[in-house]
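In: Model the following, please.
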Amino acid sequence: MLTALSARTLGPANREQIVAALQADPIANCLVAERWEQAESGRALGGTFWGVGGGRDALVFAGGNLIPVSGTPAGLRPIATTLGRRRRTVASLVGSAPLVLPLWQYLQPHWGVAREVRPDQPLLACAEPPLLPPDPRIRAVPADFIDSYLPAAVAMFTEEVGADPLAGDDGRSYRGRVSELLQQGRAFALLTDPDAGGRQRVLFKAEIGALSRDTAMIQGVWVDPAWRGRGIAAPALAAVVQQVQQRFRRLPCLYVNQYNVIARSVYRRIGFQQVGTYATVLF
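Out: Residues are numbered from 1 along each chain as shown. I've put the predicted structure just below:
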């Protein structure tokens, strides 16, 4: 019985079950699949897999965020019991809503009240070419543009998450993450024309936040507040979708807050369709 099983950390000996769980829902599991694939190529995993029944009954990845991969509510309970005894080190609990919400129900008595719970975040994918003409001005942001790009990334993160990503270590970790995306050609932007000093400002931005063999999760979609309402977002994001499909040859996906009616309308016009539901618990 599940109640008699305990949660254990999983490793290479559990590869078959981990891969099977990730491939069972490659869109919802894009965030974790990228980590696993990087580890298989020799890079650091950046977290720990916890499983019940060798991962057959439940599988969760604990890194910077806690991400359930598979399982039933009953299967997730032993993992919650084990993690609940430990000091919380993750910034959020995120993933498929049918897994996140029961896992949080089990963890809340141990970890206390969350800063915010977002229980309904449509998970969208765009399997066909964009329905709108892509904005030809969208470009991958070069690595040496980090100083101009970073303020837009910080503004988006602060607006969306409600926390300053530069806090804690003077912004070194966040700057390093953004710089890595630029170096990999995974950050895209619409820039102003250079001013008299040659400086350019970001009007629109988006990144491929997670990239697995099958899917690319687009994150950090943002338009400068002074330029909102001018029809920039839809053709700009269509260009990012086109880049994902043609250059990276992946299925573009993203998730959005259910209450963000404007963003959902933009995604619908581009051709995104709902394929699942995410949920996020912010600490």
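
In: Would you state the strands of the stretch 1-150 of the chain in chain order?
Out: In the stretch 1-150 of the chain, the strands defined using DSSP state E, counting those that start in this stretch lie at 7-10, 48-52, 58-62, 66-71, 92-96, 116-125, 139-140.

In: my bad, should have said the stretch 151-283 of the chain
Out: Using DSSP E, counting those that start in this stretch, strands in the stretch 151-283 of the chain cover 187-191, 202-211, 215-223, 251-255, 273-282.

In: for those strands, which one sits closest to residue 96?
Out: strand 273-282 (6.2 Å; C-beta to C-beta). Placement of C-beta: from N, CA and C, glycine included.

In: how's this protein carved up into domains?
Out: As assigned by automatic domain parsing, the chain contains the domains 2-113, 139-277.

In: pLDDT on the shortest one, on average?
Out: In this model, domain 2-113 has an average pLDDT of 95.

In: For residue 52, which of the strands of the stretch 151-283 of the chain is the nearest?
Out: Using C-beta to C-beta, these put strand 273-282 closest to residue 52, at 20.4 Å.

In: Tell me how many other residues surround residue 80.
Out: 26 (other C-beta atoms under 10 Å).

In: which residues touch it?
Out: 103, 106, 107, 110 (C-beta atoms under 8 Å, 6 or more residues apart in numbering).

In: can you do 7 Å?
Out: 103, 106, 107 (C-beta atoms under 7 Å, 6 or more residues apart in numbering).

In: could you measure the residue nearest to residue 236 when sequence neighbours are not counted against residue 146, distance?
Out: Closest residue to residue 236 apart from its sequence neighbours, by C-beta to C-beta, 6 or more residues apart in numbering: residue 204 at 4.4 Å. For residue 204, the distance to residue 146 equals 17 Å [C-beta to C-beta, to the nearest Å].

In: rewinding a little: now the strands of the stretch 1-150 of the chain as TSV including distance to residue 242 and mean neighbour count?
Out: Below are the strands of the stretch 1-150 of the chain laid out as TSV (distance: least, C-beta to C-beta, whole Å; neighbours: other C-beta atoms under 10 Å):
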stretch	distance to residue 242	mean neighbour count
strand 7-10	38	17
strand 48-52	34	23
strand 58-62	30	27
strand 66-71	28	27
strand 92-96	27	23
strand 116-125	15	18
strand 139-140	12	16
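
In: Could you dump those into JSON lines and include distance to residue 77?
Out: JSON lines is the format used below for these (distance: least, C-beta to C-beta, whole Å):
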{"stretch": "strand 7-10", "distance to residue 77": "9"}
{"stretch": "strand 48-52", "distance to residue 77": "8"}
{"stretch": "strand 58-62", "distance to residue 77": "8"}
{"stretch": "strand 66-71", "distance to residue 77": "9"}
{"stretch": "strand 92-96", "distance to residue 77": "15"}
{"stretch": "strand 116-125", "distance to residue 77": "19"}
{"stretch": "strand 139-140", "distance to residue 77": "44"}
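
In: For residue 234, find the nearest of the ones you listed.
Out: strand 116-125 (14.0 Å).

In: List of residues touching the closest one?
Out: 27-28, 97, 101, 162, 251-258, 264, 267, 272-282.

In: do that again at 8 Å, thanks
Out: 27-28, 96-97, 101, 104, 162, 215, 251-258, 264, 267, 272-282.
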